[in-house]
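K.L.:
Structure of the sequence below:
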Amino acid sequence: MPKTLAEIAIEAGLVSKADAARAARLIDTKGQPLISILVREIGVDEVALVAAIRRQTRVPLIDPVDALPDVEAIRLLPRDACKRLRVLPLAVAADDAGRRVLRVAMADPTDEAAIAEVEHLAGCEIEITALPLSAIEELVDKGYKGFTTAVVRAPRRRFGDSMRITTNPHLRVAATEDTADPAPLTVPFHVVTEDTDVELRFRALYRILLAKGVISEDEFEEAVRDLVKQAGAADE
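P.N.:
All right, here's what the predicted structure looks like:
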């Protein structure tokens, strides 16, 4: 039988049985899950706790830098539920049987009640990874502060010439009858804070553009080569 979070913490020497019992009593009064009580109220080191959980459950631990929520995944779970359950939706994919699978990061992968609620809300299978509590809380706040970035693709042109971008959160770009361009593709894009590394933001945008078919890898490589050539010509 799988061990509970309290049993894992006790066995790892992170809390005493008395502290674990006190944490259990605080769940109702604080209105928070056990993982939050252990870290915020009892003072358990969250990184050590995640490591202990991973040893017991074999749930993969992901780097917060790689935890970039996909907008389709975010749409499947309400923000309030994610904040309450300490769950971060990451991506949606199809398994070999064609069923949709939602990949999530959890602060407490042993919380079976939270897993069952996420499955019910999302209406699909759940694939679980682990993240420290503070990373989950920060990334949930960032992930749901989203806006829609509309990307309009014209006929074959150089990468960069084929897009018109707007950060208006309510704009839905539509092709008019008097334009020769095909119907545009609207790509919801995940917002990041202004102090986020530019390279990381570019990588996230590049992934979305590839996934949506707005550009191909060949087009991207060609555009990079063109820019390198232009930069070399300017230096001369």
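K.L.:
Give me the number of neighbouring residues for the closest residue to residue 59 other than its chain neighbours.
P.N.:
For residue 59, ignoring the flanking residues on the chain, the nearest one in space by Cβ to Cβ, 6 or more residues apart in numbering is residue 109 at 4.4 Å. Using the backbone N, CA and C atoms, a C-beta is placed for each residue, glycine as well. With neighbours defined by other Cβ atoms under 10 Å, the count for residue 109 comes to 27.
K.L.:
Looks to me like residue 109 is in a helix.
P.N.:
No. Counting by DSSP: H, G, I helix; E, B strand; the rest coil, residue 109 is not part of a helix but coil.
K.L.:
What residues of stretch 62-76 count as buried?
P.N.:
Neighbour counts over stretch 62-76 (16 or more other Cβ atoms under 10 Å) mark 62, 67-71, 73-74, 76 as buried.
K.L.:
Kindly apply the preceding question to stretch 38-55 instead.
P.N.:
38-39, 41-42, 44, 46, 49-54.
K.L.:
residues making contact with it?
P.N.:
With Cβ atoms under 8 Å, 6 or more residues apart in numbering as the test, stretch 38-55 has contacts from 5, 8-9, 11-12, 14-15, 19, 22-23, 26, 30, 32, 35, 59-61, 107-110, 130-134.
K.L.:
what about the most centrally placed residue in the chain, distance to residue 39?
P.N.:
Centroid-nearest residue in the chain: residue 69, 2.1 Å away (criterion: Cα atoms, centre = their mean). Separation of residue 69 from residue 39 (Cβ to Cβ, to the nearest Å): 22 Å.
K.L.:
same thing with residue 93?
P.N.:
Distance of residue 93 to residue 39, given as Cβ to Cβ: 31 Å.
K.L.:
How many neighbouring residues does the closest residue in space to residue 99 that isn't next to it in sequence have?
P.N.:
Once flanking residues are discounted, residue 99 sits nearest to residue 125: 5.7 Å by Cβ to Cβ, 6+ apart. Using other Cβ under 10 Å, the number of residues around residue 125 comes to 15.
K.L.:
Do you know the pLDDT at residue 125?
P.N.:
We have a pLDDT of 92 for residue 125.
K.L.:
cool, the one 3 residues further on as well?
P.N.:
According to the per-residue confidence, residue 128 scores 95 in pLDDT.
K.L.:
secondary structure class for it?
P.N.:
Using three-state DSSP, the structure places residue 128 in strand.
K.L.:
Quick one: residues contacting it.
P.N.:
Applying Cβ under 8 Å, 6+ apart to residue 128 gives the contacts 59, 104-106, 109, 115.
K.L.:
Then residue 121 would be within a helix, right?
P.N.:
Yes. Applying three-state DSSP, one finds residue 121 inside a helix.
K.L.:
Touching, it and residue 76? I think so.
P.N.:
Yes. Counting by Cβ atoms under 8 Å, residue 76 is a contact partner of residue 121 at 7.2 Å.
K.L.:
where along the chain do the helices fall?
P.N.:
Assigned by DSSP state H, the helices in the chain fall at 5-11, 17-30, 34-36, 46-57, 71-76, 79-85, 112-122, 133-143, 198-211, 217-235.
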